[in-house]
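> My questions are about this predicted structure, shown below with the sequence.
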Amino acid sequence: MTENYGACSFCDMPLTSDHNCRKSGIAKVGKPIYEQSHIIRFFSYDHLPESLQEVSRPFGILALQLDMDLPAGPEKSAGLRKLLEAKDCMVRAFVEAQ
């Protein structure tokens with residue numbers, strides 16, 4: 001039986017050891033399961049208009065990949081927080097240019 005560690009912030013499917021996120025394009029097959037950082041939910045982009053999704057999506061994919069690959073700790077948390085700030089800046093820059 002596969003353990004369930006909550007839902008993926010990107011596709012809402014259960015986070016399991018064989019999770020393959022269709023929305024982010026990141027496959028976790030064969031990797032050990034991890035507990036997703038709480039900040040990852042702020043990188044979701046499905047709720048945005050398509051034009052803003054194009055700006056936000058690369059940040060969400062990178063955040064999820066880093067969250068899966070790096071060990072939990074204060075530096076990872078700080079890095080993800082700064083990546084979120086960068087994403088927000090780029091979305092605002094795009095909106096201002098419209």
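Arrived safely, thanks for sending. Values in this document were obtained by computation on a predicted structure and should not be read as measured data. Numbers count the residues shown, from 1 in each chain.
> CA only for contacts and neighbour counts going forward, please
Noted.
> Tell me which other helices or strands the helix or strand bottoming out on mean pLDDT in the chain touches.
In the chain, the helix or strand scored least confidently by mean pLDDT, DSSP states H and E is helix 50-69, which has a mean of 93. The elements that helix 50-69 packs onto, with contact taken as 3 or more C-alpha pairs under 8 Å, 6 or more residues apart in numbering; DSSP states H and E, are helix 74-97.
> Can you give me the buried ones in the helix it packs on?
77, 80-81, 83-84, 87-88, 90-91 (16 or more other C-alpha atoms under 10 Å).
> next one: stretch 60-70
60-65, 67-68.
> Pick out whichever of those residues sits closest to residue 96.
residue 60 (21.0 Å; C-alpha to C-alpha).
> ok, the closest one touching residue 44?
Yes: shown here, residue 60 and residue 44 form a contact pair, counting by C-alpha atoms under 8 Å, at 6.3 Å.
> what's near enough to touch residue 67?
Contacts for residue 67 (C-alpha atoms under 8 Å, 6 or more residues apart in numbering) come out as 36-37, 40, 76.
> Buried only: go through those residues for me.
36-37, 40.
> need those residues in JSON lines with pLDDT, distance to residue 49 and secondary structure, can you?
Shown next, in JSON lines, are those (pLDDT from 0 to 100; distance: C-alpha to C-alpha, whole Å; DSSP: H, G, I helix; E, B strand; the rest coil):
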{"residue": "36", "pLDDT": "86", "distance to residue 49": "25", "secondary structure": "coil"}
{"residue": "37", "pLDDT": "91", "distance to residue 49": "25", "secondary structure": "coil"}
{"residue": "40", "pLDDT": "92", "distance to residue 49": "19", "secondary structure": "helix"}
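> now, which of those sits nearest residue 97?
Closest approach to residue 97 among these (C-alpha to C-alpha): residue 40, at 26.7 Å.
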